[in-house]
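can't give you the sequence, but here's the structure:
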Ligand code: NA
Ligand code: NA
C-alpha cells in the first residue's frame, strides 16, 4: 500500500516535471514559460518529496521531507517574482498576442522604482 | 702562518677607520704590516734550503679535503717576499699619491686585502685554498681598477678585468677539482709526489687546457691580454703592485707551481711556449704603438709575462732559472717604472709621453730612479735585467726551435730598449714639456719606492750572489721539483748572446731616436683595434646582451597566454612522452555499465561545458558554468558522496553569487583573438584533455587494494565516535587538512577584503611600477 | 533594488535557514553535513538577506563582525586541536566526554573543531559578500 | 561509468585550459573554475566509483559493512572544493580590481611588469 | 519488477527528458531571464532527482542534500535575477547619461 | 513574548528536522533557536496566532484546490498543439497593507499556475500580475480580490 | 609524540589569529607579530637540535597510526628548512616593522605574513602528500594576498599572472595525487615510498613523477615554467618580495627533492637527464634575463630563477654529494635572496626608485648600504669565501664526479654571468655618479628615527654576517648538508620513524 502510494505520487510528480519541461520549451514568451515551468515543477517536486516521505514512513524523514516541501513552496514564487521583475526591467518582450499590459512604462529603470496604477485611476486601465 | 695571511684582511677591515683617525700618516702606518711580513718571510729563507719546506695546516672543511694548508718553498718565498716588499713601498707611495682623496681609507683597505689575497695565493698548498685567494685577487683588482669609479672608463675597465680573469677563474676551479679527483687529494704538495698519475690520465688534456686558460687570463697572455692595458685606469700604485709586480704574475706562479705535475710533456710545452712567445712579441710590438706612459708599460709587461710563460713552457733547468731571475728583475724595474710614471702623472697631470719632457729639474730622485730602472729593463749591464736577459738567451738557444724563439726575443729586446728610452729617459732629460700646470716636486714617500726598487735592481745586478742561493735556487728547484744549483754572474765571458744583446741595444736606440716615425708605422699596421681580441670581447659582450634581450623578450613576453601555452605544451610533451613508452590498458569495454541518467548527466555536463566556452555573453557563460557545477555535484551524489554533493551545490551557488556580484561591474566578453590563435590554443588544450582522459582510463583499469578505507570503516564509530566517515576524516583522522583549509579560506577573505577596501593614498611612485 | 516580496520572504526564511545550518553542523558527525555545509548554508541565508535588505541591515542583523567570526572560528579550531597537547598527546587527538548529551552525540574536541570550521566558513563567506555588496 | 566520466574530465580540462588562454580576464576566471571541477572529478573517478553506498554507518551498527564508497577521496575532494572556493573568490575579486585599476580586460595589455626598460 | 521500480524508472526517464528540455531553453535563450528560468527548472529537477535517488537507494540521508539544494539553488536564482536587474539598471543609466550629454551639447 | 513564540516555533521546527521528540532535544533546540534569534535579530509579529489557525486552514485548502485546478489547465495547454492563451499583465489594486500579507498574496498568486506576480508598486498600492488567461480584466481583478486577498485579510485581521 | 613538530605551525597560526583579533590596533599587532616570529625561530632551532641529536622525528596527528592519519615528520632537511623559515621570517618581520606602510599594516599584513610562515612550515614538516597540497595552498593564498596587498597597478598585473599559473600548478599537483592514490590507495609519503616499490605498472609511475615534476617545477620556477616569477616578484613592497624570494621557490625545490628522493627513486634516475637539462636552461635563461633588466628588483628576480637551476642540478645529479650541494645551496640561497631584496628596499627608501638608470652615487653617500649589498651580491655570484662559493663548489665537484661536464660548464659560466649582473648593479647604483645631484644629498631614511634605521639594518646585517660566517666556517654547515643528504639518499630511517616499523 505504502509502496503503491509512493509509486503513484512519484509518477504524478515526474509527470508535472515533464510538463514543466515541455512548457519551458514550448511557450511563446518568458512570462508564460515561467508560469508553466515554475509552478508545474514546484508541484512536481512537491509530489516527489511526498512520495519520499511516504516511502520511508519514518517520522524523522517525513518531517524533513515536509520541511523541504514547505521550503520549496515558499521560495519558488519568490524566485519567479524576482525573475519576472528583472525580465521586465530589461524589457523582455511579451508575446505578440498578449492582450493587455498594465505594467508598460511604469518602471523607472534608473531608480528601479515601480509606479502604482492607483495614481492614474482616472485613466482607462488599458487594453480592451 | 694563518695569522700572516689573515692579518692583511683584518687590517683591511679597519683601514678606513684608522685612516679617518690618522689621515696624514696612515700610509706609513699601514706599510709596517707588509714590512713586518717581509721580515717574517725572510726568516724562512734559512729553512727552505733544507729538504722539507715548512708546512702549516689548519682544519677547515676537512670533509671535502679542503683545509687551510700553507707551505713555504722557494717559489712561494720568492713571491711572498716580492709581495711584501713591493707592497710596503707601494703603500707608502699611495699615502702621498692619493693624499686628501676622499676614499683613500678604502683604497688602503683594498690594497691590504689584495696583498693578503696574493700572499694566500702563493702560500696555499691546498688547491681550493689557492683558488679562493686567486679569486680574491681578481675581486680586489676589480675594486682597485674601478677606484676612480665616477668615470665610466674606470668602471668599464674594472668590469673587463673582472670578467676576463673571472673566466679564467672558472677554468681554474674546474681544472683543480679535476686534478683533485685524479689525485684523490687537493694538497698540491701531495700531487708532486705522483705527478705521473696525471700525465697519462684521460683528463690530462682538458686539465692542461683549463689550467693554462686560467694562467693565460690572469697573466694577460694572448688572446686575453687586452684587459691589462685598459686596467691602467687604476691609480699608479695599483698598476705597480697588481698589474706589473704581483697579480699578473699569479698566472706565472700557477704554471710554475704546477710545472712538476703537468709539465714535461710535448703538449704542455708546445702550448705554453707558443702562447708565451706570441704574447711576448705582440706585447713588445704594441708597446711601440702607444704614447700613454702607463699603457706603454702595460704592453711591455704583457711582453715580459709572455717571456716568462715561454720560459716555463721550455721547462729546462736553465729556462726555469732564467724565468726566476727575469721575474725578479722585472718586478723590480717595472715596479719602479710604474711608480715613476705615477709620480710624473701626479706632478704634471699628464701621461702622454709626447707631451712630457725635461722634468729632471723638478724631480731628480725620481728621474734617476727611472733612468736606472729603464736601463735594467733595456738589459743594460750591470743591472739585474741584463743578468736575466742573458739567461733567457741562453735558455732559448738550447731549444729545438732556437732560431724562431731567439728571433722573437731579439725583437722584444729591441722594443724594450726603445721603450726604456721613452719611459725612463725622455720625460726627464729630453724635449720640452707641454703640460698645463707647473709640476710640483714629489715628497719623500713618492720617491722612496722607485728609488729603492731601482737601486735593488742595480745592486743585485752587480752582486747576483746576494740572491742566488737563498732565493733563486730554491725557487728554481721548486719549479723543477729537483734541486738546482744556480750560479748567477754578471759576466759570462764572451758569448754570442752578448752580441745579440749589443745588437738589440743598438737597434733599440735607433728605434728610440725615430720613435715618432716608428709609432706611425706601427699604428698603421696595428689591426687589433678593429678585430683584435679586445674587439672580440666587446662583440662577445654585445652578443650576450643581444641574446639576453632576444630570449627575454621572447620568453618573458608578458603574454599570460604564452606562459600558459608553454606550460601546457611542456606538460603534453612530458606526460605524452611518458605515456608513449608504455602499453596502456584503457579498458574502454567498461563503458557499458553506464546508466541512462548518468549518461544524460554526462552529456549535459559536456554540453554545458561547450556552452561555457562558446558563450558570447558573460551571464550565459556563468549560467552554464552553474549547470556544470550542479552536474558535477550530481555525479558526486550518484556515486555515494552526499557530503560532497551538498558542499558542491552550496559552493556552486555561492560562487555564482560572487561572480554575479563582480561581473556586472565588468565589461561584456570581448573576442580579442583571431581564429588562428583560437585554433593554436584549442589544439593543445584538447590534447591535454585527451591525455587526462587516458590517465583516468588507465588508472581506473588497475586493480588496487583500498589501504585506508577499511581502517576508517572500522575505527570511525568506536574510536572517533562518528558515523559519517567522511566527516570523521575531515575533523579527526585528517583534521590537519581541514585546519589548513579553513586557514586558506580565512586568508582569502582577508584578500578579498583588502582588494575591495584598501586603496593607498598619496601619489608616490609605485614601488613595483617599472 | 529592494523587492518587497523578496525582503518579506527572506525575513522569515532567515531563522529557518539558520536552523537548518546549525542542524547540518551538529548532525554532520553522523549524517551528511558538518561544519562546511553548515557554514555555507548559514552564509547563504545571510547572503539572501543581504540581497533583499541591503548590506547595512544585514550587517546589523548579524551583530558580529564577520571578521571576528573568522578569528574566533580559527581560534576555536586551533584550541580544540591543542587541548590534547596539554594532555601530552599529539595535536588534534580527540578528547571525548564519557556519556555525552543524547542529541549532539558525544561532545568531543573534534565536534568543537567542527564548530570552529562552521564559524570560519560563515565568517569568510560573509566577509566576502558584505564587502562586495558595499562596493 | 569510469569511461564516460573520463571523457567528461578530459572535456573539462580541455575547456578550462582553453579558456585560460584567452585574452579576456573574465574567461580566465571561468577557465579556472572549470579546471577546478575537472581536478575534483578526476580525484573522484580515480578513487573508484560505487553507486548508492555512502560511507555512513547505519544506525545501530558500529562500522561500515558490505560495499561502501571509499571515504578518503571524498574527504580530499571536499577539502579541495573548499580551498578552490576560497582561491577563486579571491581570484574573481582580483580580476575586478585589476580591471578597475588597469582599465582594460585585455590581458595582452597587462604587460607592464614584464617590460625591461 | 515491482510497481515502485517501474515508477522509479519512469521518473528517471521523465526527469532526464525534462532536464534536457530545460537545457535546450538554456541553449536557445533568447533573453537572459529565459536562461535563468531554465537554470531554475534544472535545479528543481535536481531536487526531484535527489529525492528519486534517495528512494531508489533506500538512503534517506540524501534528503538532506535535497534540502540544501533547494536553499542554495534559490540563492542562485535570486543572484541571477539581481544581476539581470542591476545590469539593466546600469545600461539604462548609461543610456540616460548619453542622452543627457547630447542634450547638453 | 512574540519572540518567545517564535523561539518555540523554531524549536518545534528543530525537533521536526532532527526527528526526535525528547526533552533533551527540546532543550537543545530551544537553545539553538534562541541563539539564532539573538544572532539574526528577527522581529516577530505573529500576533493572535492561535485564533487564526482555522482561517489559515481555510486559506490553505482554497489554495490547494486552485493549485490543482490551474495546473491541469496549464498542463492541457502545454500538451495540446493549439494554444488557448489570452495573456497579459494586469494591475490589481491592493487593500492589504503589511509586507507579510502582500507577500503571501503575491506568492499564492504565483504558485497558482497561469498567473505570476511580477512586482508590487513601490508605494504598495498595486500588485502587477501576469496571467495566461484573461477573458475580462475586471473579472480577473475581482477573482483575485475575492479569492486570495479576502481570505488572507481574514487570516490576519 | 613530539610537540616540536606542530609548534612551527601552531605558533604562526596563533600569532595570525591574535593579529586578526587585534585588527584595529596596529601597535598590538606589531607586538604579536614580533613575538610570534621570535617564538617560531626559537622553536625551529629547538626542533633542529632534537633532529640533529636524535635523528628523524615524527608525530602522528590525532594519535592515529600512520598511514591512516597525518604524520608530521622532520628529518634534517625539513628541520633545516624550518630553521631557515624561522630566521627569514624573523628578519623580514623586524624589517617590515619599519618598512611597511600603516595602510598595509591595518589590512592584515602581519596576519598574512604569519599565515605564510605557517604554510611554509607545514609544507616542510608534513609527511603526507595531500597535506602537502593543503600547506601549499595555505602559503600560496597568503602569497597571493600579500602580493596584491596595496592594489598598485603593477601589483595587480603581476598578481594575475602569479595566481593563474600557480593555480594551474595546484591543479596538476592535485591530479598527480589523485593518480597516486588511485594506484596504491595511500597518502602517507613514507607508506607511498614502500608501496610504490611493489606497485603494478612501474611505467605509470614515470607519468606520475612527471606530473609532480611539472607541478613543483612551476612552484620552484624552473625552465620553462618560471615566467610567472619575474612578472610578479618585484611588484610588492620589499619585505614581501624578500620573503617570497627567500622561501617560496625553495618550497618547490624542497618538494621536488622530497618526492624524488623518497617516492620516485627509480624515476629520478630516468628523469635525471631531463632535470639536468631543465637546470641548465633555468640557469641560462634566468641569468640572461637578469642581464637586460633596468629594475633592480627584476635583476634579482631573474637571478632568483637562475639560481634555482643550481639546486635542481643537485637533484638531477642525484649523488649524496650533489644532494648535499642542493641542501647547502638552498641554505645559502634563502639567506642571500632575502638579504638582497631587503637591501633593495633600503635603496628604494633612500632614492625612491628601483631603476638602475636613475640610481647612482650610493657608494660614496651610503657606504654601509654598499657593504650590505656587496656581501650578498658577491655571495650570490659565488665569490669565495662566501656562502655561495661553497654551494657552487660542492655542486660542481659533484657534477665533475658524475662526468656531467656540460652541466658543470653551464653552471660555471652562469656563475660568471651572475657576477657580471651583480657588477652591473654595483656599477650603476653604487659607483656611477647620481644622475640627479639633489638625490645624492637626500637624507638617510628621511622620516626614520634611529630605531627605524636599526630595524632596516639589523636583519640585513645579520643575514650578511651569516653569509660570511658560512663562508668562513663551512665545515659545520657542510656537515649538516651532508648528513641531510645522507638521510635523503637513504630514507630508511624516515620510513621507519613514520610508520613505526621497518617496511
Ligand atoms: Na526553485
Ligand atoms: Na561533512
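Received it, and whenever you're ready, just let me know what you need. This structure is a prediction, so every number in the text was calculated from the model and none was measured. Ligands and ions are numbered 1, 2, ... in the order given.

which stretches of the stretch 101-250 of chain G have low pLDDT?
Within the stretch 101-250 of chain G, no stretch has pLDDT under 70.

which parts of it sit against chain C?
Applying the criterion C-beta under 8 Å from any C-beta of the partner chain, no portion of the stretch 101-250 of chain G neighbours chain C. (C-beta placed from N, C-alpha, C; glycine too.)

Find the closest residue to chain A in chain C.
Going by C-beta to the nearest C-beta, chain A is nearest to residue C:9 of chain C, at 4.6 Å.

Isn't that residue up against residue F:110?
No: with contact defined as C-beta atoms under 8 Å, residue C:9 does not reach residue F:110; the gap is 11.2 Å.

tell me the contacts of residue B:261?
Applying C-beta atoms under 8 Å, 6 or more residues apart in numbering or on different chains to residue B:261 gives the contacts B:179, B:188, B:191, B:192, B:195, B:198.

how about the nearest residue to residue G:145, chain neighbours excluded?
Excluding its sequence neighbours, the residue lying closest to residue G:145 (C-beta to C-beta, 6 or more residues apart in numbering or on different chains) is residue B:751, at 3.6 Å.

residue boundaries of the strands in chain A?
Secondary structure of chain A (DSSP state E): strands at A:100-101, A:107-108, A:113-114.

Oh, that last question was meant for chain D, not what I typed.
Under DSSP E, chain D gives no strands.

For the residue nearest the centre of it, list the residues it contacts.
The geometric centre of chain D, computed from its C-alpha atoms, lies nearest to residue D:36 (C-alpha atoms, centre = their mean), at 1.0 Å. Contacts here follow C-beta under 8 Å, 6+ apart; on that basis residue D:36 touches D:16, D:80, D:81, D:84, D:88, G:171.

Among these, which one lies nearest to residue B:351?
Nearest to residue B:351, judged by C-beta to C-beta, of the contacts of residue D:36 is residue G:171 at 67.0 Å.

tell me the secondary structure for the residue of the stretch 301-450 of chain G found nearest chain C?
Going by C-beta to the nearest C-beta, chain C is nearest to residue G:334 of the stretch 301-450 of chain G, at 26.5 Å. Here residue G:334 is recorded as helix under DSSP: H, G, I helix; E, B strand; the rest coil.

Also residue F:119?
Put simply, residue F:119 is strand when judged by three-state DSSP.

surely it meets residue F:126?
No: in this structure, residue F:119 is not within contact of residue F:126 by C-beta under 8 Å, at 9.2 Å.

Need the per-residue pLDDT for the residue nearest to the centre of chain D.
Looking at residue D:36, its pLDDT is 94.

Leaving out sequence neighbours, find the closest residue to the residue of chain C closest to chain A.
Among residues not flanking residue C:9 along the chain, residue A:78 sits closest, at 4.6 Å (C-beta to C-beta, 6+ apart).

which phi and psi does residue G:368 have?
Phi and psi for residue G:368, reported as degrees, to the nearest 10, are phi -60, psi -40.

Now chain D against chain C: closest residue?
residue D:89 (5.4 Å).

residues from chain E in reach of chain D?
Residues of chain E lying close to chain D (C-beta under 8 Å from any C-beta) are E:53, E:56, E:57, E:59, E:61.

hmm, try it at 7 Å
When proximity is defined by C-beta under 7 Å from any C-beta of the partner chain, chain E lies next to chain D at E:57, E:59, E:61.

close to chain A, is the longest helix along chain E?
For chain E, the longest helix by residue count, based on DSSP state H, is helix E:62-104. Yes: with C-beta under 7 Å from any C-beta as the criterion, chain A is reached by helix E:62-104 at E:63, E:66-67, E:70-71, E:74, E:77-78, E:81, E:84-85, E:88-89, E:92-93, E:96.

Mind giving me the ChimeraX command for buried ones among those residues?
To isolate in ChimeraX the members of those that are buried, counting by 16 or more other C-beta atoms under 10 Å in any protein chain shown, one can use:
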select /E:63,66,67,70,71,74,77,78,81,84,85,88,89,92
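
quick one, helices of chain C?
Under DSSP H, chain C gives helices at C:4-27, C:35-53, C:55-62, C:66-86, C:109-134.

so how far is residue A:48 from the closest residue in space to residue C:40 that isn't next to it in sequence?
Once flanking residues are discounted, residue C:40 sits nearest to residue B:650: 3.8 Å by C-beta to C-beta, 6+ apart. Counting by C-beta to C-beta, to the nearest Å, the separation of residue B:650 from residue A:48 is 21 Å.

before we move on, what about residue G:395?
To residue A:48, residue G:395 is 68 Å away according to C-beta to C-beta.
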